[in-house]
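**Q** Pasting a predicted model and its sequence here:
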Amino acid sequence: MSGQNLTVVWLRRDLRLVDHPAFVAAAERGAVIPVFIHDDSVANLGAAPKWRLAQALRVFSKTLEDAGSRLILRRGPAQEVLDELIEETGADAVYWSRLYDPEAIERDSRIKSTLKDRDIDAQSFHGHLIFEPWDVETKQGGMYQVYSPMWRAVKDREVDEPLSAPDLTAPGSWPDSDALDDRQMETAMRRGADVVAQHCKPGQDAASAALAAFSAHRMEDYKDRRDFPGEEATSGLSEYLTVGEISPRQLWHAALRGEADGKKGAEHFRKEVVWREFAYHLLYHTPRLVDENWREGWDDFGWTEDERLKEVKAWKQARTGIRFVDAALREMYVTGRMHNRARMVVASYLTKHCLVHWRVGQKWFEDCLTDWDIASNSMGWQWVAGCGPDAAPYFRVFNPDTQLEKFDPDGEYVRAWIAEGQSNPTKTALSYFDAIPESWGLSPDDPYPDPVVGLSEGREAALAAYDKLKSDQE
């Protein structure tokens, strides 16, 4: 390969060719070797996100083959794998898309420094976000800690159009690759994988089709209907964003086209794209968001992290006796996803009514959600728990029953996911029993349980814990 510019594109959460700045830059300078590295950051993923990533890799491998390229899969520490590839291929550059969690930043910074010391062209590119965390500041300088002013700061900014897929030049010879049918990424899902697979359509083409369908049929009513979990009213794009099968810039411009066409819900959809950006900005500037209370003074709140409690067991098994909570958790076990309104109710019940630490729920979601995202998941749990970024001047305790009356008045959502007590349960409700561990010993013939924590008593306990926290700080 002497005399040929050769770039290794190190893929992580960017499994697409469309709107991929690192791929475009690599293609402009010569031949490209796309590589995915199964390092500790992959090995330590929860069962569902790791399974979903494997599906994405399998489809993206075919996408690259159709483009005249190839996906190289390697295992081991990223630095060692990249060094081996450079030695094997003579590559003189390594490009990748930026990530923003503290572990990725530390790893990527170290790798970039090491490669540059060896005269390797090492560059990171945007693509996972629209607005880089260091490019959005308050008038006083520093990060936005409240969402609304951040939205106002960025909503009128010019955002470049998404990039077209580049033409990829293959190297003179390809390095060896591990097999993509290696099931080490998929076995942790056990029998649940076959159930969730029925609700998963991976790949950049599927992502683009989903965005097109949403824009054509649901964007108009998005603001008014997005909170109704029994309706198909959201975009369904979260899992595609998680593994980078679509870019946030594609969503932004789809929303702008919707606004230009007069679609009422288009701007609100763009606001939700910025909500995701807000989570990443918080993560970048305050990495404690991942595992510590974001707000000061919350370390003494009366939470427990004892996962042996009956309340935690009932919550995990979707047998709390609170129908909105149980329906939402069952939706997650069957589809790998959970409606956003339902996530707030589920998180509130665990952290407020059951007084269980948000880290317990965060960890469980990390294992069970195919669209798990480190920034959105961490911020979401802390926002609901009360210790995260929130401008609300009160201690919010969602009432699952009143939420159900408001957002599922006809009971469609509950019927779709809870089989117990139905004479003719839906297929999705029965699928829950196929997805969960057999060791739980649950059956659709079981009686539906009484509440593990009543709503009134749980609310009173939560408010008492909050009042105690405040009085102890006075």
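**A** Yep, that arrived. Numbers count the residues shown, from 1 in each chain.
**Q** Just give the nearest non-adjacent residue to Arg257, would you?
**A** Spatial nearest neighbour of Arg257, chain neighbours left out: Ser215 (7.2 Å); criterion: C-beta to C-beta, 6 or more residues apart in numbering. (Each C-beta comes from the backbone N, C-alpha and C, glycine too.)
**Q** Roughly how far does that neighbour sit from Ser235?
**A** As judged by C-beta to C-beta, to the nearest Å, Ser215 and Ser235 stand 9 Å apart.
**Q** Poorly predicted segments of the stretch 1-150 of the chain, please.
**A** Where the stretch 1-150 of the chain drops to pLDDT under 70, the residues are 1-3.
**Q** Show me the helices in it, by range?
**A** Assigned by DSSP state H, counting those that start in this stretch, the stretch 1-150 of the chain shows helices spanning 21-29, 40-43, 47-66, 78-89, 102-117, 147-154.
**Q** tell me what the shortest one is packed against?
**A** Using 3 or more C-beta pairs under 8 Å, 6 or more residues apart in numbering; DSSP states H and E as the contact test, the elements touching helix 40-43 are helix 102-117.
**Q** can you pull the contacts of Ala179?
**A** Applying C-beta atoms under 8 Å, 6 or more residues apart in numbering to Ala179 gives the contacts Leu73.
**Q** Also His128?
**A** Going by C-beta under 8 Å, 6+ apart, His128 touches Arg13, Asp14, Ser97, Arg98, Leu99, Tyr100, Gly244, Ser247, Pro248, Tyr280.
**Q** among those residues, who's most crowded?
**A** Neighbour counts for the contacts of His128 peak at Ser247, which has 27 neighbours (criterion: other C-beta atoms under 10 Å).
**Q** Find the residue closest to it in space, skipping its chain neighbours.
**A** Of all residues not flanking Ser247 in the chain, Asp19 sits nearest, at 4.2 Å (C-beta to C-beta, 6+ apart).
**Q** ok, now Gly76?
**A** Excluding its sequence neighbours, the residue lying closest to Gly76 (C-beta to C-beta, 6+ apart) is Asp39, at 6.6 Å.
**Q** cool, Ala233 as well?
**A** Per C-beta to C-beta, 6+ apart, closest to Ala233 is Arg225, 3.8 Å.
**Q** doesn't Glu232 make contact with that neighbour?
**A** No. Counting by C-beta atoms under 8 Å, Arg225 sits too far from Glu232 to count as a contact (9.2 Å).
**Q** Pull up the overlap in contacts between the two.
**A** Common neighbours of Arg225 and Glu232 (C-beta under 8 Å, 6+ apart) are Arg218.
**Q** Compare neighbour counts for those two and give me the winner.
**A** More crowded of Arg225 and Glu232, by other C-beta under 10 Å: Arg225, with 15 against 11.
**Q** and the residue nearest the centre of the chain, what is it in contact with?
**A** By C-alpha atoms, centre = their mean, the chain has its centre lying nearest to Asp373, at 2.7 Å. Residues in contact with Asp373, defined by C-beta under 8 Å, 6+ apart, are Ser238, Leu241, Thr242, Arg276, Ala279.
**Q** what about it, distance to Val18?
**A** Between Asp373 and Val18 the distance is 20 Å, computed by C-beta to C-beta.
**Q** do Leu237 as well
**A** In terms of C-beta to C-beta, Leu237 sits 14 Å off from Val18.
**Q** got it, and Ile130?
**A** Ile130 is 15 Å from Val18, by C-beta to C-beta.
**Q** all helices for the stretch 201-350 of the chain, in order.
**A** So, for the stretch 201-350 of the chain - with DSSP H, counting those that start in this stretch - the helices run 204-217, 222-225, 238-243, 248-260, 266-285, 310-316, 323-335, 340-348.
**Q** and these as JSON lines, adding distance to Gly411 and mean pLDDT?
**A** Compiled in JSON lines, those are given as follows (distance: least, C-beta to C-beta, whole Å; pLDDT from 0 to 100):
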{"stretch": "helix 204-217", "distance to Gly411": "24", "mean pLDDT": "98"}
{"stretch": "helix 222-225", "distance to Gly411": "17", "mean pLDDT": "97"}
{"stretch": "helix 238-243", "distance to Gly411": "25", "mean pLDDT": "98"}
{"stretch": "helix 248-260", "distance to Gly411": "31", "mean pLDDT": "98"}
{"stretch": "helix 266-285", "distance to Gly411": "26", "mean pLDDT": "98"}
{"stretch": "helix 310-316", "distance to Gly411": "22", "mean pLDDT": "98"}
{"stretch": "helix 323-335", "distance to Gly411": "9", "mean pLDDT": "98"}
{"stretch": "helix 340-348", "distance to Gly411": "14", "mean pLDDT": "97"}
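**Q** got the ones you listed as TSV, with distance to Ser124 columns?
**A** Formatted as TSV, these follow (distance: least, C-beta to C-beta, whole Å):
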stretch	distance to Ser124
helix 204-217	21
helix 222-225	33
helix 238-243	18
helix 248-260	17
helix 266-285	13
helix 310-316	38
helix 323-335	33
helix 340-348	30
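**Q** Quick check: Val290 touching Ser376?
**A** No. With contact defined as C-beta under 8 Å, Val290 does not count as touching Ser376 (11.8 Å).
**Q** Among the two, which residue is more densely surrounded?
**A** Of the pair Val290 and Ser376, Ser376 is the one with more neighbours under other C-beta under 10 Å, namely 22 against 19.
**Q** And the pLDDT at that one?
**A** Ser376 is assigned a pLDDT of 97 by the prediction.
**Q** Is it correct that it falls within a helix?
**A** Yes. The assignment for Ser376 by DSSP: H, G, I helix; E, B strand; the rest coil puts it in a helix.
**Q** ok, now how distant is the residue nearest to it when sequence neighbours are not counted from Ser378?
**A** By the measure of C-beta to C-beta, 6+ apart, the closest residue to Ser376 outside its immediate chain neighbours is Ala279, 4.9 Å from it. Counting by C-beta to C-beta, the gap from Ala279 to Ser378 is 7 Å.
**Q** do the same with Thr426
**A** In this structure, Thr426 and Ser378 are 33 Å apart, going by C-beta to C-beta.
**Q** Would you mind telling me which of those two has more residues around it?
**A** More crowded of Thr426 and Ser378, by other C-beta under 10 Å: Ser378, with 27 against 14.
**Q** so which of the helices of the stretch 201-350 of the chain comes closest to Lys116?
**A** Lys116 lies closest, by C-beta to C-beta, to one member of the helices of the stretch 201-350 of the chain: helix 266-285, at 22.2 Å.
**Q** ok, Ala197 - contacts?
**A** Per C-beta under 8 Å, 6+ apart, neighbours of Ala197: Gln55.
**Q** Now do the phi/psi pair for it.
**A** phi -60, psi -30 (degrees, to the nearest 10).
**Q** what about it, distance to Leu53?
**A** 14 Å.
**Q** likewise Ala342?
**A** As judged by C-beta to C-beta, Ala342 and Leu53 stand 24 Å apart.
**Q** so the lengthiest strand in the chain versus helix 47-66, what angle?
**A** What stands out as the longest strand in the chain, according to DSSP state E, is strand 31-38. Per axes from the mean of the first three to the mean of the last three C-alpha atoms, to 10 degrees, the angle that strand 31-38 makes with helix 47-66 is 160 degrees.
**Q** and strand 31-38, what does it pack onto?
**A** strand 6-11, helix 21-29, strand 72-75, helix 78-89.
**Q** what would these look like in JSON lines with mean neighbour count?
**A** What follows is the helices and strands packed on strand 31-38, written out as JSON lines (neighbours: other C-beta atoms under 10 Å):
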{"stretch": "strand 6-11", "mean neighbour count": "25"}
{"stretch": "helix 21-29", "mean neighbour count": "21"}
{"stretch": "strand 72-75", "mean neighbour count": "18"}
{"stretch": "helix 78-89", "mean neighbour count": "17"}
